[in-house]
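# Here is a sequence with its predicted model. Questions after.
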Amino acid sequence: MATNSETDRILTTRLYDSDLETRFSQELILGVGGVRALAALAIEPAMLHLNEGHSVFAILERIRRVMAQEGLSFEEAQLAVRPGLLFTTHTPVAAGHDYFPDALARRFLAPYARQLATSLDTLVALGRVTPEWDGDTFCPTVFAMRMVGHRNGVSRLHGRVTRQQWSMLWPRVPLPEIPVGHITNGVHLESWTTGPFSELLTASVGAQWQTTPGDPVMWSNIVAAPSADLWRVKNEARAELVEFARRRARKDLARRHSPAERSPAVSVLDPDRLTIGFIGRFVAYKRPTLLLRDPERLARILKAPERGVQIVFAGKAHPNDEGGKQLLQDMIEFAAAYDVSDRVVFIVDFDTTLDRHLAQGADLWLNTPRRPLEACGVGGMKAGMNGALSFSTIDGWWDEATQDADPTAPPIGFSIGTDVDYDDEELQDERDATSLYDVLEHEIVPRFYDRDDEGVPTRWLASVKQSMSTLAPTWDSLRMTRDYAESYYLPGMAKSAQLRAGGARSARDRARDLRRLRAGWADLRVEVGAVTARKKGHRVYLQVELGVLEPADLLVQLWVDDGVAPIALDAKLVDRVGPRARYDARVNLEELDEDVVLAARIVPSPIYTDGEVLAGMMKWST
């Protein structure tokens, strides 16, 4: 726009700009500007769901508005809005998070520190991994992790990885208790299942799949769908993908003025051949060229007489990702060197139209991330509802899909490698590549090409039906939305409303109580005392030095670690003399391994935390 300055134009020209000043500015615009834009529309959301660190400065604007509305301090307002803030991270790769120099963060955040009536040191420290170290960088992800009341990863495995990745923000808190949950992503079935597949589903399970897609009993009916009908629909979709790829190839060659190459473009791919689809970013951890570890073997599999395989690739490398662009180039060069350009096709101009064609036309959906670096991945979900089987490393959503699948039913897909986490990436790549070739050659290809007297691959379609009946009620966006609502939105909104009720009296009281707890926390002491046998189990005494705090302020627990599944048992107050108190907990030690370890710990009473684990407020016995 002509009215925009050159600086403003730079801010809106390109996302994820490599210039840190531009990037910080963009994140302020998204976060603060986003909340202000909603306010201008008279929308005051009860819950803010923040995806990744790019939008976290919405928290500051949220706090500023509540401070003004309720007359609260920064600390009080932060507690009032905290339950209504959810942060979702999708990035298990450390390099995927932003880190800004301290001086840059201070310069941009100084005006907000003044508006929030808090010190700039306090504000900047909230975004440091090590708050007390002035030389540390400012990380928006860290800022969000500290400021929100709820955090989640986007698959079961990713939740575990995220707890481990950010465990340093909750020192001395056991890994399973790090306050990061998970909600596995899902896809909107109606958007990705269209045309003949939609008609097939309606005929097989009824039209209600479009309105109540989460019914597993309904989806079980797909198993009884006529195999011939499913095979006909899949063949039509594959043929459409082939024709679409040929059109795109001709268009690309015409743009590059390559008349000599236009004729071969007409014959790329075969509508009757086993077709592998791959869509994704060409970044190293996704390992798009894992297939190329043994190029001669891959070429042999692709060109096998009567049982050949073809691969349709689509994706983009980031403009600044030279490694990603090299990976893409490697795949193109392989196709030329081994004379498989008609069987390995890269479609340019990736968009949702291509995404839909590939999801519906592919027989097999390839996903090769280096475990455990895939947060979730949804491509296999889209393709799975269109009659494709997943072929993936055991990562992201596929980790839990395989764990939860019925072991007595036909396989819902095929896994590459195992669920082992490697320290040696080279060894991991070597073993995963070998597994990929073995499974493709000896399990997938035979299952696809073995046909009955009518030319129908009954074993393959049995897996397709089992996959569709398993994936549809679980991996759809309705289930995902319901999980978010029940786990985070509804309880978060209710708690935030409670804290803000009556002029935010509860938020003011909680801020006061937490200040008092933190002031006395350093003087707390707890130790495991005598252990006495009883008729049923054992009684373990815990000795507590209260300092200036009261028993009602605290939750004292016995920690029982058997090396497999540690548990925390709430202890009861037995007696108290001045600042010294004695608690006891009951446990049957005879049922546990002889090497069991007993420890004691103190956390704030749930009346002050609603059960949330607060960083720096878990006192352990020595």
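In hand now; what should we look at?

# Phi and psi next, for Leu72.
phi -100, psi 160 (degrees, to the nearest 10).

# Look at the closest residue to it other than its chain neighbours and say how many residues are nearby.
In space, and not counting its chain neighbours, Leu72 is closest to Ala504: 5.7 Å by Cβ to Cβ, 6 or more residues apart in numbering. Yep, even glycine has a C-beta here, placed from its N, CA and C like the rest. By other Cβ atoms under 10 Å, the residues close to Ala504 number 22.

# Need the three-state assignment for Ala504.
With DSSP: H, G, I helix; E, B strand; the rest coil as the basis, Ala504 sits in helix.

# need the contact list for it.
Shown in contact with Ala504 (Cβ atoms under 8 Å, 6 or more residues apart in numbering): 66, 70, 72, 76-77, 80.

# What lies in contact with stretch 474-485?
49, 86, 183-189, 213-214, 216, 381, 384, 397, 401, 404, 473.

# and Thr47, how many neighbours?
Not Thr; residue 47 is Met. Met47 has 18 neighbours, counted by other Cβ under 10 Å.

# So the nearest residue to Ser119 once chain neighbours are set aside, which state does it fall into?
Leaving aside its sequence neighbours, Ser119 sits nearest to Ala113 (Cβ to Cβ, 6+ apart; 6.4 Å). Ala113 falls in the helix class when you classify it by three-state DSSP.

# Need the per-residue pLDDT for Ala113.
On the pLDDT scale, Ala113 is placed at 97.

# likewise Glu527?
With respect to pLDDT, Glu527 scores 98.

# Enumerate every residue touching the residue nearest the centre of the chain.
Among the residues of the chain, the one closest to the centroid is Val154, at 2.5 Å (Cα atoms, centre = their mean). Applying Cβ under 8 Å, 6+ apart to Val154 gives the contacts 88-90, 182-185, 375-376.

# Distance check, the closest residue to Val154 other than its chain neighbours against Asp355.
Distances taken as Cβ to Cβ, 6+ apart place Cys376 nearest to Val154, at 4.2 Å, with adjacent residues excluded. For Cys376, the distance to Asp355 equals 16 Å [Cβ to Cβ, to the nearest Å].

# again, but for Gly53
Using Cβ to Cβ, Gly53 is found at 26 Å from Asp355.

# ditto for Glu21
Applying Cβ to Cβ, the value for Glu21 to Asp355 is 34 Å.

# The closest residue to Pro92 other than its chain neighbours is in what secondary structure piece?
With Cβ to Cβ, 6+ apart as the criterion, Pro92 has its nearest non-adjacent residue at 4.8 Å, and that residue is Val161. Per DSSP states H and E, Val161 falls inside helix 156-165.

# Ok, Met331 next?
Element membership of Met331 [criterion: DSSP H and E] is helix 322-337.

# Quick one: mean pLDDT for that helix?
80.

# what do you get for stretch 274-285?
The average pLDDT within stretch 274-285 is 85.

# swap in stretch 190-207?
Averaging pLDDT along stretch 190-207 gives 91.

# Can you name the residues in contact with it?
With Cβ under 8 Å, 6+ apart, stretch 190-207 has contacts from 209-210, 218-219, 221-222, 224-225, 229-230, 233, 236-237, 356, 359-360, 382, 385-387.

# Out of those residues, list just those in helices.
Counted as lying in helices by DSSP state H, out of those, are 218-219, 229-230, 233, 236-237, 356, 359-360, 382.

# Any chance of a ChimeraX selection covering the buried ones in the residues you listed?
What follows is the ChimeraX syntax selecting those of the ones in helices among the contacts of stretch 190-207 that are buried according to 16 or more other Cβ atoms under 10 Å:
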select :218,219,230,233,236,237,356,359,360,382
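
# Now flag whichever of the ones in helices among the contacts of stretch 190-207 is closest to Thr141.
Lys382 (27.7 Å; Cβ to Cβ).

# Now that that closest one has come up, it's in contact with His188, right?
No. Counting by Cβ atoms under 8 Å, Lys382 stays clear of His188, with 9.4 Å between them.

# And the average pLDDT for the helix or strand where Ala80 lies is what?
Per DSSP H and E: Ala80 is located in helix 74-81. Helix 74-81 carries an average pLDDT of 97.

# by contact count, what packs against that helix?
Packing partners of helix 74-81 (3 or more Cβ pairs under 8 Å, 6 or more residues apart in numbering; DSSP states H and E): helix 58-70, helix 490-521.

# quick one: the next helix or strand after the helix holding Val161 to chain centroid distance?
On the C-terminal side of helix 156-165, the nearest following helix or strand under DSSP H and E is strand 181-182. Centroid separation between strand 181-182 and its chain, computed with Cα atoms, centre = their mean, to the nearest Å, is 9 Å.

# For strand 181-182, give me every contacting residue.
150-156, 158-160, 162, 487.

# so what strands line up beside that strand?
strand 150-153 (parallel) (DSSP bridges).

# Please save the CA atoms from the strand it pairs with in CSV.
The C-alpha coordinates for strand 150-153 follow below in CSV (Å, rounded to 0.1, in the frame of the first residue of the first chain):
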residue,chain,number,x,y,z
HIS,A,150,-1.6,-25.2,29.8
ARG,A,151,1.0,-26.6,27.3
ASN,A,152,0.7,-29.5,24.8
GLY,A,153,2.5,-31.3,22.1
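
# Sweet, I'm off.
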